[in-house]
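Chemist: structure, please.
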Amino acid sequence: MKLIILDRDGVINTDSEDYVKHPDEWHPIEGSLPAIARLHQAGWKIAVASNQSGLARGYFDATTLHAMHQKCLSLLTPLGGSIDAFFVCPHGPDDGCRCRKPGTGLFDEIAKRFDTSLIGVPAVGDSLRDLQASAAVGCQPWLVLTGNGTHTAKQPNLPAGTRVAAHLAEVVYQLLTQTESA
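Modeler: Below you'll find the model as predicted:
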């Protein structure tokens, strides 16, 4: 099985310091949805692992979060794409949970849901905590320079082996090119 794990805000859709709080504020990053569609059409399973502390902070509720994900899926459908599952940490940064990245709880749930090892699975994020969580479970961390990625790229402590790409479409191009040549 070919599996990829994507962060949401800053990778698939634009991020906001004020949080993405409503479907009307959820806007895909140019090229991200066609890239996801290409992966889906190539037989990849696509999981999203996202910290959503806006839930704990009361900025939006679970119904609104679900509506944001439905908007994403409704925009993917005409492109021939889909996302197999969304995994969300609803906790705040001080809640001490295992699921909030850089913790590995979301990744553990993904491995269980898809009944697979995550060793070498590409995991795409725009923040250090995304990369740390993915590396901790043996994924291949990919940093995209969208969202917080440009700032993250300047940090000296990126996990070993982190690959860098301008955006999700470039990651997908590289993955599909590698798969075809293998």
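Chemist: please count neighbours and contacts with C-alpha atoms only from this point.
Modeler: Noted.
Chemist: in its sheet, what does the biggest strand by length in the chain sit against?
Modeler: Once the chain is assigned using DSSP state E, the strand that runs over the most residues is strand 45-51. Counting by DSSP bridges, the strands paired with strand 45-51 are strand 3-6 (parallel), strand 85-89 (parallel).
Chemist: most tightly packed of those strands?
Modeler: Most buried of these, by mean neighbour count (mean count of other CA atoms under 10 Å): strand 3-6, with a mean of 23.
Chemist: what is the neighbour count of the closest residue to residue 128 other than its chain neighbours?
Modeler: Counting by CA to CA, 6 or more residues apart in numbering, residue 128 lies nearest to residue 152, which is 6.0 Å off, once chain neighbours are set aside. A count of neighbours around residue 152, defined by other CA atoms under 10 Å, yields 20.
Chemist: quick check, residue 152 in a helix?
Modeler: Yes: when classified by DSSP: H, G, I helix; E, B strand; the rest coil, residue 152 is found to be part of a helix.
Chemist: could the strands paired with strand 45-51 go into CSV alongside distance to residue 112 and mean pLDDT?
Modeler: Converted to CSV, the strands paired with strand 45-51 look like this (distance: least, CA to CA, whole Å; pLDDT from 0 to 100):
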stretch, distance to residue 112, mean pLDDT
strand 3-6, 13, 98
strand 85-89, 12, 98
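Chemist: for residue 125, find the nearest of those strands.
Modeler: Closest of the strands paired with strand 45-51 to residue 125 is strand 3-6, at 6.4 Å (criterion: CA to CA).
Chemist: the residue nearest to residue 128 and residue 86, how far apart?
Modeler: Distance, residue 152 to residue 86, by CA to CA, to the nearest Å: 24 Å.
Chemist: what does the helix or strand harbouring residue 40 rub up against?
Modeler: Taking DSSP states H and E as the definition, residue 40 sits inside helix 32-41. Helix 32-41 has contacts (CA atoms under 8 Å, 6 or more residues apart in numbering) with 11-13, 45-46, 75-76, 79-83, 167-169, 172-173, 176.
Chemist: ok, the nearest residue to residue 27 once chain neighbours are set aside - contacts?
Modeler: In this structure, residue 27 finds its nearest non-sequential neighbour in residue 13, 5.3 Å apart by CA to CA, 6+ apart. Neighbour list for residue 13: 26-29, 32 [criterion: CA under 8 Å, 6+ apart].
Chemist: all set, thanks.
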